[in-house]
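Undergrad: got a sequence here, can you model it:
(chains A, B, C and D)
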2 protein chains.
Amino acid sequence: MVEDNEDIARLVSLHLADLDCHVRVATDGCTGFELARAGDWDLVILDLMLPGMEGLEFCRRLRAGRHYTPILMLTAKSSELDRVLGLELGADDYLTKPFSIRELIARVRAIFRRLEAFAAAEGRESEVRVEAGDLVIDAERRSVTIADLPVELTAREFDLLMQFARNPGRVYTRQQLLDLVWGHGHDGYEHTVNSHINRLRAKIERDPAHPRYVLTVWGVGYKFNDRLDEPAPRQGPETG
Amino acid sequence: MVEDNEDIARLVSLHLADLDCHVRVATDGCTGFELARAGDWDLVILDLMLPGMEGLEFCRRLRAGRHYTPILMLTAKSSELDRVLGLELGADDYLTKPFSIRELIARVRAIFRRLEAFAAAEGRESEVRVEAGDLVIDAERRSVTIADLPVELTAREFDLLMQFARNPGRVYTRQQLLDLVWGHGHDGYEHTVNSHINRLRAKIERDPAHPRYVLTVWGVGYKFNDRLDEPAPRQGPETG
DNA sequence: TCCGCGCGTGACGATTTCGTGATATCCTGC
DNA sequence: GCAGGATATCACGAAATCGTCACGCGCGGA
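TA: From the prediction side, this is the model:
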């Protein structure tokens, strides 16, 4: 955050910390610019009226240097000119002072949502569709079919299956699955995973007692099997 | 690129040049139109707010002249009318200001990927008219008919339906719908989407309690059903 | 100014899903 | 074979989600 008013800086830092954000404050443009250019940040919150360097110039120089860190601009001027110019020089969003913290949080969230959506659309195009034997998973449609027959999964069941399908063969512990599917802050019993695995198998396995897709790794956790043609009656950690 | 603001034109040109793109800038609509019509371009980046010719008119005229060069629209207006209308008039994608350079580049890449994938661009014009069972949506006239009977939808209801119809089968979360239909950074409750879905169903579904077009994806969001004739999905692999 | 309409919000019941405990079954080491 | 621990299965109450209705607000037209 590049902001010369320390009261505002402190207030915003405080609230962003609630969102598990790590915040670093620079009180002048030059220092801020060096920080922004050097570090690997998720977001720059930039006051337009800075001593040392104009905010617009800050924007322009950062973008000219091929830095694509999202920028959220703060401005006291409500002038349309500044706003449009700022956006066109590469800011991602703007807020006019005075602004409410609530509004700021909303903007920050919106920026991250957008970036997330783009990242998903950009890099994961090959991962929207996963196939393993009869099983076909479509991430975008959140649909699963077995031999072209649609199977209805609940949200948790689908997320669980998708987590496996993303890395076929990789073994996940129950705790890892809780973190990945339920969320990091979630506190619950590892036993819960068993239950969902059980329900998942009942829907996608021909014989739930002898699963082909979601396999148990004894004493460790579970894994997704995409090598269906190989004989794998062994369910123990003994691999060879 | 058709853009009257020289700053943003320069900025975008700069970054597109990094992608080994050759960029030509026109600062008004008429010049841009002549350029677009005469030359053999891979992409037109078009500012909606142009002097000389409205961006939407630009779109419409180019498509009317059987020119199918991909168009990426830029707009400062956050009005969803403009966004949806732009797509309906033949734009391939759009960006609402504020946007980041990174987003722009991602969009450009996405458009080219899509073109490669679909090679001989089919269904380009079909975006103006979407059909699903009895339901017919005419994007240009913003009209909807069921079995040739006209249905009166409000602006929000139509935009919501159109958002679904553009990607049949794709699951949208309420937050995504808020971002797409209401606009980025919109501060509102996800519950609002429920209400509009409810009103939409009351108008287009024969039996709102058992919808055929706009389906609920439990724990996630909603989707538009493009396979009306398919039987109801099974709850398990048995009975197969 | 009044009225009607579209829209966002709140409340409440119906439905689905989820987490947990109990119990049975299986695996492993001795 | 046996003991101990890990996993599978099942059922049930709790919790979250969704559908529906009603209310109030803001806005544009009569």
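Undergrad: just the pLDDT for A:Glu140.
TA: Per-residue pLDDT puts A:Glu140 at 90.
Undergrad: what strand or helix carries it?
TA: Using DSSP states H and E, A:Glu140 sits within no helix or strand.
Undergrad: so what's the residue count around it?
TA: 16 (other C-beta atoms under 10 Å in any protein chain shown). Where C-beta positions appear, they are placed from N, C-alpha and C, glycine not excepted.
Undergrad: how much space separates it from DNA strand D?
TA: For A:Glu140, the distance to DNA strand D equals 17 Å [C-beta to the nearest atom of the strand, to the nearest Å].
Undergrad: over to A:Leu177?
TA: Taken as C-beta to the nearest atom of the strand, the span from A:Leu177 to DNA strand D is 12 Å.
Undergrad: gap between stretch A:214-221 and the chain center?
TA: The chain centroid and the centroid of stretch A:214-221 are separated by 27 Å, computed with C-alpha atoms, centre = their mean, to the nearest Å.
Undergrad: please read the previous query as pertaining to stretch A:10-19.
TA: Distance of stretch A:10-19 from its chain centroid, counting by C-alpha atoms, centre = their mean, is 20 Å.
Undergrad: before we move on, what about stretch A:154-174?
TA: 16 Å.
Undergrad: give the residue spans of chain A that score low on pLDDT.
TA: A:50-53, A:76-90, A:97-98, A:117-127, A:229-240 (pLDDT under 70).
Undergrad: switch to 50 and redo it
TA: Across chain A, the ranges flagged by pLDDT under 50 are A:79-81, A:232-240.
Undergrad: can you map out the strands along it?
TA: For chain A, the strands defined by DSSP state E cover A:44-47, A:71-75, A:93-96, A:129-132, A:135-138, A:143-146, A:149-151, A:171-173, A:214-217, A:221-224.
Undergrad: can you say which of those strands is nearest to B:Glu190?
TA: Among those, the nearest to B:Glu190 by C-beta to C-beta is strand A:93-96 (20.6 Å).
Undergrad: going by proximity to chain B, name the top residue of chain A.
TA: A:Ala155 (3.2 Å; C-beta to the nearest C-beta).
Undergrad: give me the neighbour count for that residue.
TA: 13.
Undergrad: if we can go back for a sec, okay if I get the strands of chain A as CSV plus mean neighbour count?
TA: Below are the strands of chain A laid out as CSV (neighbours: other C-beta atoms under 10 Å in any protein chain shown):
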stretch, mean neighbour count
strand A:44-47, 25
strand A:71-75, 23
strand A:93-96, 19
strand A:129-132, 16
strand A:135-138, 20
strand A:143-146, 20
strand A:149-151, 17
strand A:171-173, 17
strand A:214-217, 17
strand A:221-224, 20
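Undergrad: out of these, which is closest to A:Ala9?
TA: Checking those against A:Ala9 by C-beta to C-beta gives strand A:44-47 as the closest, at 8.9 Å.
Undergrad: not counting the closest one itself, show me its contacts.
TA: The contact list for strand A:44-47 (C-beta atoms under 8 Å, 6 or more residues apart in numbering or on different chains) reads A:1-5, A:8, A:12, A:32, A:36, A:55, A:58-59, A:62, A:69-75, A:91.
Undergrad: one more: stretch A:172-188?
TA: Outside stretch A:172-188, the residues that touch it by C-beta under 8 Å, 6+ apart are A:156, A:159-160, A:163-164, A:190, A:192-194, A:220-223.
Undergrad: before we move on, back to that, once you drop chain neighbours, what's closest to the residue of chain A closest to chain B?
TA: Nearest residue to A:Ala155, sequence neighbours excluded (C-beta to C-beta, 6 or more residues apart in numbering or on different chains): B:Gly219, at 3.2 Å.
Undergrad: give me phi/psi at that neighbour?
TA: Dihedral pair for B:Gly219: phi 80, psi 0, per degrees, to the nearest 10.
Undergrad: for it, the count of nearby residues, please.
TA: If we define neighbours as other C-beta under 10 Å, then B:Gly219 has 11 of them.
Undergrad: all helices of chain A, in order?
TA: In chain A, helices defined by DSSP state H lie at A:6-18, A:29-38, A:55-64, A:80-88, A:101-123, A:155-166, A:174-177, A:191-204, listed in chain order.
Undergrad: got CSV for those, with distance to B:Arg142 too?
TA: Below are the helices of chain A laid out as CSV (distance: least, C-beta to C-beta, whole Å):
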stretch, distance to B:Arg142
helix A:6-18, 41
helix A:29-38, 44
helix A:55-64, 37
helix A:80-88, 29
helix A:101-123, 26
helix A:155-166, 33
helix A:174-177, 46
helix A:191-204, 41
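Undergrad: will you turn the ones you listed into a markdown table that also has distance to DNA strand C?
TA: Formatted as a markdown table, the helices of chain A follow (distance: least, C-beta to the nearest atom of the strand, whole Å):
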| stretch | distance to DNA strand C |
| --- | --- |
| helix A:6-18 | 21 |
| helix A:29-38 | 34 |
| helix A:55-64 | 31 |
| helix A:80-88 | 23 |
| helix A:101-123 | 12 |
| helix A:155-166 | 3 |
| helix A:174-177 | 11 |
| helix A:191-204 | 4 |
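Undergrad: now, which of the contacts of strand A:44-47 lie close to DNA strand D?
TA: With C-beta under 7 Å from any atom of the strand as the criterion, the contacts of strand A:44-47 include none near DNA strand D.
Undergrad: need the buried ones from those residues selected in ChimeraX.
TA: Command for ChimeraX that selects the buried part of these, burial taken from 16 or more other C-beta atoms under 10 Å in any protein chain shown:
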select /A:1,2,3,4,8,12,32,36,55,58,59,62,69,70,71,72,73,74,75,91
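Undergrad: circling back to that earlier point, pipe the strands of chain A into a markdown table and attach distance to B:Val23 per row.
TA: Below are the strands of chain A laid out as a markdown table (distance: least, C-beta to C-beta, whole Å):
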| stretch | distance to B:Val23 |
| --- | --- |
| strand A:44-47 | 27 |
| strand A:71-75 | 23 |
| strand A:93-96 | 26 |
| strand A:129-132 | 34 |
| strand A:135-138 | 37 |
| strand A:143-146 | 41 |
| strand A:149-151 | 46 |
| strand A:171-173 | 47 |
| strand A:214-217 | 50 |
| strand A:221-224 | 45 |
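Undergrad: nearest to B:Arg227, out of the ones you listed?
TA: Here strand A:149-151 is closest among those (C-beta to C-beta), at 9.2 Å.
Undergrad: quick one: is the closest one near chain B?
TA: Yes: among the residues of strand A:149-151, A:Leu149, A:Pro150, A:Val151 lie within reach of chain B under C-beta under 8 Å from any C-beta of the partner chain.
Undergrad: now swap in stretch A:8-26 and tell me
TA: No: Stretch A:8-26 lies out of reach of chain B by C-beta under 8 Å from any C-beta, never closer than 15.4 Å.
Undergrad: mind checking how far the residue nearest in space to the middle of chain A is from B:Leu104?
TA: Closest residue to the average C-alpha location of chain A: A:Glu116 at 5.8 Å, with C-alpha atoms, centre = their mean. Going from A:Glu116 to B:Leu104 by C-beta to C-beta, to the nearest Å gives 17 Å.
Undergrad: can you check A:Pro208 too?
TA: Counting by C-beta to C-beta - A:Pro208 and B:Leu104 are separated by 49 Å.
Undergrad: repeat that for A:Glu57.
TA: 21 Å.
Undergrad: fine, thanks again, bye for now.
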